[in-house]
Structures are given as structure tokens and as C-alpha cells.
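Engineer: Build me a structure from this.
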Amino acid sequence: MGRIVLAALVTAVSLGMGGQTATAEPVTSPGVTVPSVKSPDGSYIKSIEVKDSRNITLQIHSAVMDATIPVDVLRPADTSAPRPTLYLLNGAGGGVDTATWKLRTDALDFLADKNVNVVQIISTGFAFYTDWLETDPVLGVNKWSTYIGEELPTLIDAALGTNKVNAIAGLSMAGVSVLNLAINNPGLFRSAAIYSGITQTSDPIAREAVRLTVEVWGGGDVENMWGAPDNPLWVANDPTIHAEKLRGTNLFVSTGNGIPGVYDMPGGEFFPTETVLETPERLAVGAFIEANVDMFNRNLESRLREFDIPATFVYRGSGTHSWGYWQDDLKTSWPVLAQGLYSAP
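Structural biologist: Take a look at the predicted model:
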């Protein structure tokens, strides 16, 4: 059925139907054209690029951001029946740079035989995949929580003929985003996995980590995101404070501790040869980030224990903030993700 849905969608888009109002229904027989799909707020699929039999790019027009956003999709090998969907979030760069799951890891190769739709979210960098209070002069309009949690699933389910079962995973900056998306959209994501992810926002150290990401690396103004430090949005977006709302979600959390490990050797696959001056700086920054993430994750674990909420936590004995570890962690997390994707609710 999935191949029919995709083929019909390509036909619909090629006929210029992307912006028309219609109700999407799964295609159950050949020759039926999928009508133009719209989410409840009017978002729609504007165009589609079929790269090969497994890889497509959807151009999604987001109503809440009034922008067209690309979404890369890896289709299941077997589309004879509706399949679940894994939403995969990148780190601070948001996927608009080269620091992506696709370019830095073998994640898509690993997932290729799992019979799951892999939806790779591409967003504005340094925006925390959240809804911002104000438009930022540098980072623009950001309403990513609404986009991912409300607009996108309707379109993905209709376009790909999914079974409407989802999981979500992300790394680094996306850690807090993954957890908040699970908290704010109960039942949408049965499993959630984060790798070296920020899991606090209202603690002073966590607030500074968020500020550094948005302002120093992204060039934006963090007060345009959640306001001044005393704004209630900082607490509202702190998943550790709201950990009780994660009950029922299959959770996986992993982190290193900042001590250089197997993937932190210059000249290796995940650490290209650099100058003598660059290597210590890279190690120091990666170690600093990971040591703080380790602390945040332990605080989350303690909070979940308070509520007797089960979760899988993996604390690697070494490792900085690096793609090699995240590649391994995704594979380690697969049983937890699969539990939500393939098990009966």
C-alpha cells in the first residue's frame, strides 16, 4: 500500500494540487490519486522529490511559520503494509549544515532493514526545536514544537500510508526537544531516545548552556525564545521538572562523561586530523559539554525514580560530544525504540 500512496502523491503534486483543500484518505487500490493533504491548521505538502526507491524529500509548507521546510524520508524496504515512523532530530545545526545523521553516521544504513519510515527533521539551527516567543532578527520565525508535534504527523501519515505509530530520537540540543515533544503530545511518540542531550532548562547551569547555544553559536537572542530568565517558559520547557508526564513513554538516555575515548583520537573516522592547536580546543569543548550533559542526565534519572518511571540510562565510561558515540548509541537504543514502534500499546 505504501508504494501506491507515494506514487499517487507524486501524481497529485505534479498536477499542482499541493495547496488545495481536501481530506486525505489512505489509498487502498491502484489508480486512485491521493488528494491534496492538509493538517488542521492548513499546512500542506508543497512538492516532492523522489531521489530513489527508498529516499524522498517532501517540501512541507508550515502554516504556523509561513515557510516551506524540507523533510528527508527513508522509506521501509517493505511497504506492503502500513509501517511505523521514527522522527530523527539533528543537533545544534538543525540539519541545515553537514552535521547530520545522514552525513556523519551510518544510522540510515542501520535503519534500512527495520521496516520503519525514518523522517529526518530539518530546522533552523540553534533554535531548540521549540516555539519562540518572538521573531529573531538572526534566526527568524521558529515554531518547531507546533510544526513537529501538530502539523507534520498528519501530513507524514497521509503521504506515507503509515500505521500512525511513532517514536522520536535526537542528540545534543535536541535532547530537551525530544522529551518536551513527548510531554506536550501525549501518545504521539511511544518511544523517545536522546543521546548526549540537554535535559534541563531552568537550572542556572542549564540556562547558560541554552544561552551559549542560541547566542554564541547561533547568533540569536535567547530572550526571543523563552524570554528573560524569570519567564515561566524556562520552567515550562524543563522536562526534568515535568518528568512525571513521561510516564508511559519508553525512554532511552545516553551520555559520556567528558573523558576522551575511542572516538576522540585525532586522525580517526570521527576526528579528522587537525593541527596541534585545534585538537586540544576541540577536545576541551567536547569534554566540557559532555560533562555537563552527564550531570543533567543524572538529574533526570533521579527525577524519574521519584515517580517510579522506568527508563534506560547508559553512562559511557568515557567519551566527549562526538558523532561516533551517537552512532553507537542509536544502535544501542534500538530495542527501546522498537518496543514502542512494534509492540501493542
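Engineer: Could you use CA atoms for every contact and neighbour count after this?
Structural biologist: OK.
Engineer: List the contacts of Ala182.
Structural biologist: When the contact criterion is Cα atoms under 8 Å, 6 or more residues apart in numbering, the partners of Ala182 are Leu188, Phe189, Ala192, Leu246, Thr249.
Engineer: for it, helix, strand, or coil?
Structural biologist: helix (DSSP: H, G, I helix; E, B strand; the rest coil).
Engineer: pLDDT score assigned to it?
Structural biologist: pLDDT for Ala182: 99.
Engineer: State the distance from it to Ala193.
Structural biologist: Per Cα to Cα, to the nearest Å, Ala182 is found 10 Å from Ala193.
Engineer: And for Thr312?
Structural biologist: As for Thr312, its distance to Ala193 is 9 Å (criterion: Cα to Cα).
Engineer: ok, these two, which is more surrounded?
Structural biologist: Taking other Cα atoms under 10 Å, Thr312 and Ala193 do not tie; Ala193 has more neighbours (29 against 14).
Engineer: next SSE after the helix or strand harbouring that one?
Structural biologist: Following DSSP states H and E, one finds Ala193 within strand 191-195. Going down the chain from strand 191-195, the next helix or strand is helix 204-211, by DSSP H and E.
Engineer: That following helix: how far from the chain's middle?
Structural biologist: Between the centre of helix 204-211 and the centre of its chain there are 21 Å (Cα atoms, centre = their mean, to the nearest Å).
Engineer: Give me the neighbour count for Met65.
Structural biologist: Residues near Met65, counting by other Cα under 10 Å: 17.
Engineer: And Asn231, by the same measure?
Structural biologist: Count around Asn231 with other Cα under 10 Å applied: 12.
Engineer: roughly how far apart are it and Val138?
Structural biologist: In terms of Cα to Cα, Asn231 sits 22 Å off from Val138.
Engineer: before we move on, what about His61?
Structural biologist: Counting by Cα to Cα, the gap from His61 to Val138 is 21 Å.
Engineer: which of these two has more neighbours?
Structural biologist: Shown here are His61 and Val138; by other Cα under 10 Å, His61 has more neighbours (24 against 11).
Engineer: Which strand residues bridge the more buried one?
Structural biologist: Note on His61: beta-bridge partners by DSSP bridges are Tyr44, Thr68.
Engineer: could you pull out the strands for the stretch 101-250 of the chain?
Structural biologist: Here the stretch 101-250 of the chain has its strands, by DSSP state E, counting those that start in this stretch, at 117-121, 166-171, 191-195, 250-255.
Engineer: Can you check which of the ones you listed gets nearest to Trp326?
Structural biologist: In terms of Cα to Cα, the element of those nearest to Trp326 is strand 191-195, at 6.0 Å.
Engineer: Check which helices and strands that closest one sits against.
Structural biologist: Secondary-structure packing of strand 191-195 (3 or more Cα pairs under 8 Å, 6 or more residues apart in numbering; DSSP states H and E): strand 166-171, helix 174-184, strand 250-255, helix 323-342.
Engineer: Just put those in CSV and tack on distance to Lys51.
Structural biologist: Converted to CSV, the helices and strands packed on strand 191-195 look like this (distance: least, Cα to Cα, whole Å):
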stretch, distance to Lys51
strand 166-171, 24
helix 174-184, 27
strand 250-255, 32
helix 323-342, 24
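Engineer: Which of the ones you listed sits closest to Met295?
Structural biologist: strand 250-255 (9.5 Å).
Engineer: List the contacts of the closest one.
Structural biologist: So strand 250-255 is in contact with 190-197, 290, 293-294, 297, 310-316, 319, 329, 333, 336-337, 339-340, going by Cα under 8 Å, 6+ apart.
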